[in-house]
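J.: sequence unavailable; structure follows:
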């Protein structure tokens, strides 16, 4: 009873104190919750910190660096608002597609490498394969030795993930090695191509069934570039071109398919010189509601209609990339930088 009365007395004293001093004791200049928004005006300038001898001062930098934009071209004359870049032909298509060129085959996946990596791991776990080695930054995962049904010799499989040609896409390659000879070095080509192809089909089906719910591996996302293998660039002398980071054989085949998807009609080709001769297709030109209709909105623009254009692919002296440029076959046909950029943008969106 004595303790209870003391508690009541203390509460009454506190209440009386708050009533007597008013709100100023809490929110005023000398209060507990005073306004400090103007304090910076009274701040004193202090001398710079002197670092010990032998140490360098590093300036503060942004944590999130804004990447460079590839397609940044400024017109030297009057600015003309460009037409929207057409949607890529692969938009809305399958999430996973099997690609083949010669003896090489791979899976093209419409998600970033950081999403493919954990799904490959899930596939190996679901298939009963053990992961003997994994390097997320390099995009490589290797299995243990397995005995494939119908083959008495054990095999290992290597899954290699790469950035696709287009931004936000991935490529998955499968390499098979037989338990014979030097098992410490992976071969350049699969010892049994049929086994590798069967494994590729199996994992492609698994990825197609689970791509929508794929988690993301940040390590793989950072290690495997996600900017794509194609970009539009401008040469020092002012002409515009595409840079495609693919070997010539694959780049040649990819460019041919992209031209057909981009409403061009291929009239001739010279593989030795890396040249496609193309025309605008009549279907694309006559589509009043289509993207091509923007080319025929004036008497000056329709001069390109039904003219032969030269799409040239060249391999620079250094590096494994190729460059792609476009121009009229007839040098007297007017053709400015804006025409080149618009046509190359259309081709760019259809190369994979």
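T.: Now that the structure is in, tell me what you want to look at. For clarity, every value in this text was computed on a predicted model and none was experimentally measured.
J.: pLDDT of whatever helix or strand residue 326 lives in, averaged?
T.: Counting by DSSP states H and E, the element that carries residue 326 is strand 322-328. In this model, strand 322-328 has a mean pLDDT of 91.
J.: and the helices in the stretch 151-300 of the chain?
T.: 193-210, 218-223, 248-261, 282-286 (DSSP state H, counting those that start in this stretch).
J.: how close does residue 352 get to residue 188?
T.: Between residue 352 and residue 188 the distance is 24 Å, computed by CB to CB, to the nearest Å. C-beta here means a position set from N, CA and C on the backbone, and glycine is covered the same way.
J.: next one: residue 272
T.: Applying CB to CB, the value for residue 272 to residue 188 is 26 Å.
J.: ok so, going back, report the angle between the strand holding residue 326 and helix 248-261.
T.: Orientation check (axes from the mean of the first three to the mean of the last three CA atoms, to 10 degrees): strand 322-328 against helix 248-261 gives 40 degrees.
J.: what does strand 322-328 contact?
T.: 239-244, 246, 248, 251, 255, 274, 304, 307-316, 335, 340, 343-344, 347 (CB atoms under 8 Å, 6 or more residues apart in numbering).
J.: just give me the neighbour total for residue 326.
T.: By other CB atoms under 10 Å, 24 other residues sit near residue 326.
J.: repeat for residue 206
T.: Residue 206, neighbours per other CB under 10 Å, totals 18.
J.: dump the residue contacts of it.
T.: 119, 122, 123, 126.
J.: TSV for those residues, including secondary structure?
T.: Output for these, formatted as TSV (DSSP: H, G, I helix; E, B strand; the rest coil):
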residue	secondary structure
119	helix
122	helix
123	helix
126	helix
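J.: out of those residues, which is most surrounded?
T.: residue 119 leads the contacts of residue 206 on contacts (other CB under 10 Å) with 23 neighbours.
J.: give me the below-cutoff pLDDT ranges for the protein.
T.: 1-33, 59-94, 211-228, 281-304, 317-319 (pLDDT under 70).
J.: break it into its domains for me.
T.: If you go by automatic domain parsing, the domain ranges for the chain are 102-223, 230-348.
J.: list the contacts of residue 271.
T.: Per CB under 8 Å, 6+ apart, neighbours of residue 271: residue 252.
J.: how far away is it from residue 255?
T.: 11 Å.
J.: show me the strands in the chain, by range?
T.: Applying DSSP state E to the chain gives strands spanning 96-101, 104-109, 131-135, 140-143, 155-163, 170-178, 230-234, 240-244, 264-270, 275-280, 309-314, 322-328.
J.: quick one: which of these is nearest residue 48?
T.: Among the strands of the chain, the nearest to residue 48 by CB to CB is strand 230-234 (42.6 Å).
J.: give the buried residues for the closest one.
T.: Buried residues in strand 230-234, defined by neighbour count with 16 or more other CB atoms under 10 Å: 230, 231, 232.
J.: circling back: quick one: which of the strands of the chain is nearest residue 54?
T.: strand 131-135 (36.3 Å).
J.: got the angle for the closest one vs strand 155-163?
T.: Going by the same axes, to 10 degrees, strand 131-135 makes 20 degrees with strand 155-163.
J.: list the buried residues in strand 131-135.
T.: residue 134.
J.: oh, and call the first residue 875 from now on, that's how I've got it
T.: Renumbered: residue one is now 875, and that last one reads strand 1005-1009.
J.: tell me the strands beside that strand, with direction?
T.: strand 1014-1017 (antiparallel) (DSSP bridges).
J.: re the thing from before, which of residue 1226 and residue 1062 has more neighbours?
T.: Here residue 1226 and residue 1062 are compared on neighbour count by other CB under 10 Å; more neighbours surround residue 1226, at 22 against 6.
J.: for that one, give me its contacts.
T.: Counting by CB under 8 Å, 6+ apart, the residues that residue 1226 touches are 964, 973, 982, 1038, 1039, 1040, 1043, 1128, 1132.
J.: circling back: turn the buried residues of strand 1104-1108 into JSON lines, columns for distance to residue 1054.
T.: Output for the buried residues of strand 1104-1108, formatted as JSON lines (distance: CB to CB, whole Å):
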{"residue": "1104", "distance to residue 1054": "40"}
{"residue": "1105", "distance to residue 1054": "43"}
{"residue": "1106", "distance to residue 1054": "48"}
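J.: with these in mind, which one is nearest to residue 1005?
T.: residue 1104 (32.0 Å).
J.: dump the helices of the stretch 1025-1174 of the chain into CSV; add distance to residue 989 as well.
T.: Below are the helices of the stretch 1025-1174 of the chain laid out as CSV (distance: least, CB to CB, whole Å):
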stretch, distance to residue 989
helix 1067-1084, 9
helix 1092-1097, 8
helix 1122-1135, 23
helix 1156-1160, 34
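J.: and residue 916, which of these is closest to it?
T.: helix 1092-1097 (44.0 Å).
J.: fine by me, thanks again.
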